[in-house]
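Participant: task: produce atomic coordinates for the following.
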Amino acid sequence: MRQQISVVTLGVADLDRSRRFYRDGFGWSPVFENEEIVFYQMNGFVLGLFRTAALEADMNRAGLSHPAAFALAHNVSARDDVAPLMERLAKAGGSVIRAADEPPHGGLRGYVADPDDHAWEIAWNPAWPIDEHGHVTFAVS
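Facilitator: Residues are numbered from 1 along each chain as shown. Below is the predicted model:
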């Protein structure tokens, strides 16, 4: 079976607030949106923002909670891009969870939570090249 992710869907309380965060913070434009969901075409998959109540109904589950035990990551091409993006995300309604610093494996990273407390790692890693399509390659040293 192919190793791939087709769609990542995040439950959100306020779709307009989340739309502003992803538009004004990351600069992303939706490819589809209605009163319950917003879809963003990413590099090889789709990111969805789904009103939590509608997501619970769609999944036939109740009590979805935030924050969950995962982090999404957005890698940038240059070290100097990490802190400004984190600041822009905070101004767009997010909150800095961890200021940018150097992890033991190298590079630079920090964490920002979106308005629904989904954690985003904003990272630059010189060992993980990003191609012209935004695809990151895990490079072993």
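Participant: tell me the average confidence for the longest helix seen in the chain?
Facilitator: Longest helix in the chain, counting residues (DSSP state H): helix 82-91. Per-residue pLDDT values over helix 82-91 give a mean of 98.
Participant: swap in stretch 95-111?
Facilitator: Throughout stretch 95-111, pLDDT has a mean value of 96.
Participant: pull up the distance across it, start to finish.
Facilitator: End-to-end distance of stretch 95-111 (C-alpha to C-alpha, to the nearest Å): 9 Å.
Participant: give me the contacts around that stretch.
Facilitator: With C-beta atoms under 8 Å, 6 or more residues apart in numbering as the test, stretch 95-111 has contacts from 71, 79, 82-83, 86, 90, 112-113, 119-128. Every C-beta, even on glycine, is put in place using the N, C-alpha and C of the backbone.
Participant: among these, which are located in helices?
Facilitator: Counted as lying in helices by DSSP H, out of these, are 82-83, 86, 90.
Participant: buried only: go through those residues for me.
Facilitator: Taking 16 or more other C-beta atoms under 10 Å as the criterion, what is buried in those is 82, 86.
Participant: picking that back up, could I get the buried residue list for the next helix or strand after the longest helix of the chain?
Facilitator: For helix 82-91, the following helix or strand on the C-terminal side (DSSP states H and E) is strand 95-101. Residues 96-97, 100 are the ones in strand 95-101 that count as buried (16+ other C-beta under 10 Å).
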